[in-house]
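Colleague: below is the sequence, then the predicted model.
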Amino acid sequence: MKRSGFSEEQIIGILKENEASISAKELCRRHGMSDPSFYKWKAKFGGMGVSEAAVCGIWKLKKLVADLSLDKMALEDVPEKI
């Protein structure tokens, strides 16, 4: 899946503009994004602040590190074929 060209902070800033009574169509035109992207972001990040998004990002990274550590341990237990 393609990653968005916007950071989480930028997305939250765009959503805050929408809360300040700028229409979604105007925001999409101004920032060069599609309507479905805007509404997907609104569902995911709506009502969230920048600090809350950062905390979510940290938890995602911690989960990723834990998963990779488990994978590494499992691979170390497999005997090597010679």
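Modeller: Arrived safely, thanks for sending.
Colleague: report all helices and strands that whichever helix in the chain runs longest contacts.
Modeller: The helix spanning the most residues in the chain, taking DSSP state H as the definition, is helix 50-77. Identification of packing neighbours for helix 50-77 by 3 or more Cβ pairs under 8 Å, 6 or more residues apart in numbering; DSSP states H and E yields helix 8-19. No exception for glycine: its C-beta is placed from N, CA and C like everyone else's.
Colleague: tell me the buried residues in the helix it packs on?
Modeller: Neighbour-count burial for helix 8-19, counted by 16 or more other Cβ atoms under 10 Å, picks out Glu8, Ile11, Ile12, Ile14, Leu15, Glu17, Asn18.
Colleague: and the following helix or strand past that helix, how far out from the chain middle?
Modeller: Next helix or strand after helix 8-19 toward the C-terminus (DSSP states H and E): helix 24-31. Offset of helix 24-31 from its chain centre (Cα atoms, centre = their mean, to the nearest Å): 20 Å.
Colleague: picking that back up, list the buried residues of the longest helix of the chain.
Modeller: Across helix 50-77, burial judged by 16+ other Cβ under 10 Å covers Val50, Ala53.
Colleague: so how far is it from its chain's centroid?
Modeller: Put simply, helix 50-77 sits 15 Å off its chain's centre (Cα atoms, centre = their mean).
Colleague: how about JSON lines for the buried residues of helix 8-19, with distance to Trp59 and pLDDT added?
Modeller: Output for these, formatted as JSON lines (distance: Cβ to Cβ, whole Å; pLDDT from 0 to 100):
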{"residue": "Glu8", "distance to Trp59": "13", "pLDDT": "83"}
{"residue": "Ile11", "distance to Trp59": "18", "pLDDT": "89"}
{"residue": "Ile12", "distance to Trp59": "17", "pLDDT": "88"}
{"residue": "Ile14", "distance to Trp59": "23", "pLDDT": "90"}
{"residue": "Leu15", "distance to Trp59": "20", "pLDDT": "90"}
{"residue": "Glu17", "distance to Trp59": "27", "pLDDT": "90"}
{"residue": "Asn18", "distance to Trp59": "26", "pLDDT": "89"}
